[in-house]
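**Student:** Sequence below, structure please.
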Amino acid sequence: LQLVESGGGLVQPGGSLRLSCAASGFTLEYNAIGWFRQAPGKEREGVSCISSRGDRTLYADSVKGRFTISRDNAKNTVYLQMNSLKPEDTAVYYCAASPYSTSNIDQRRYIYWGQGTQVTVSS
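**Tutor:** Got it, this is the predicted structure:
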């Protein structure tokens, strides 16, 4: 069972990135999926989550209106579209799968984790 994040990189403030979270070894269609991030010297925090059917989403206040989570169960992939990026968005971003079909962004509700992808917002 594996989750693999991709799409990270270096972007200027105000720019955009789209992160992908692909699953192998299992299907994501029954799992809520969350995105989390950890900045240097800080604890990991929840960013966003989406229900198994994609009909419910949650966002941290810090990213509301800028980030959009979505999923394509046919491709076994979840996405995080990040717009209007700020330097404070710099972090390693992780996706995780919950055993529940709906969830919140409490990381204790997630059991499968990817290795992370680095996002750096800098001029």
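**Student:** starting at the chain centroid, how far to stretch 98-105?
**Tutor:** Per CA atoms, centre = their mean, to the nearest Å, the displacement of stretch 98-105 from the mean C-alpha position of its chain is 13 Å.
**Student:** How about stretch 7-24?
**Tutor:** 10 Å.
**Student:** And for it, what's in contact with it?
**Tutor:** Contacts with stretch 7-24, where a contact means CB atoms under 8 Å, 6 or more residues apart in numbering, come from 1-6, 33, 35, 75-87, 93, 95, 97, 114, 117-123. Backbone N, C-alpha and C define where each C-beta goes, glycine included.
**Student:** State the mean pLDDT of that stretch.
**Tutor:** Stretch 7-24 shows a mean pLDDT of 97.
**Student:** just to revisit the earlier point, now, of the contacts of stretch 7-24, which are buried?
**Tutor:** Buried by 16 or more other CB atoms under 10 Å: 3, 5, 33, 35, 77-80, 82, 85, 93, 95, 97, 114, 117, 119, 121, out of these.
**Student:** The residues you listed in strands, which ones?
**Tutor:** Filtering the buried ones among the contacts of stretch 7-24 for membership in strands, criterion DSSP state E, returns 3, 5, 33, 35, 77-80, 82, 93, 95, 97, 117, 119, 121.
**Student:** which of the residues you listed sit farthest apart?
**Tutor:** The largest separation in those, counting by CB to CB, is between 97 and 121 at 26.3 Å.
**Student:** Report how many residues lie close to residue 106.
**Tutor:** 11 (other CB atoms under 10 Å).
**Student:** The residue lying closest to it once chain neighbours are set aside: what's it in contact with?
**Tutor:** Distances taken as CB to CB, 6 or more residues apart in numbering put residue 46 closest to residue 106, at 6.7 Å, once the chain neighbours are dropped. Contacts for residue 46 (CB under 8 Å, 6+ apart) come out as 34-36, 60, 104-107.
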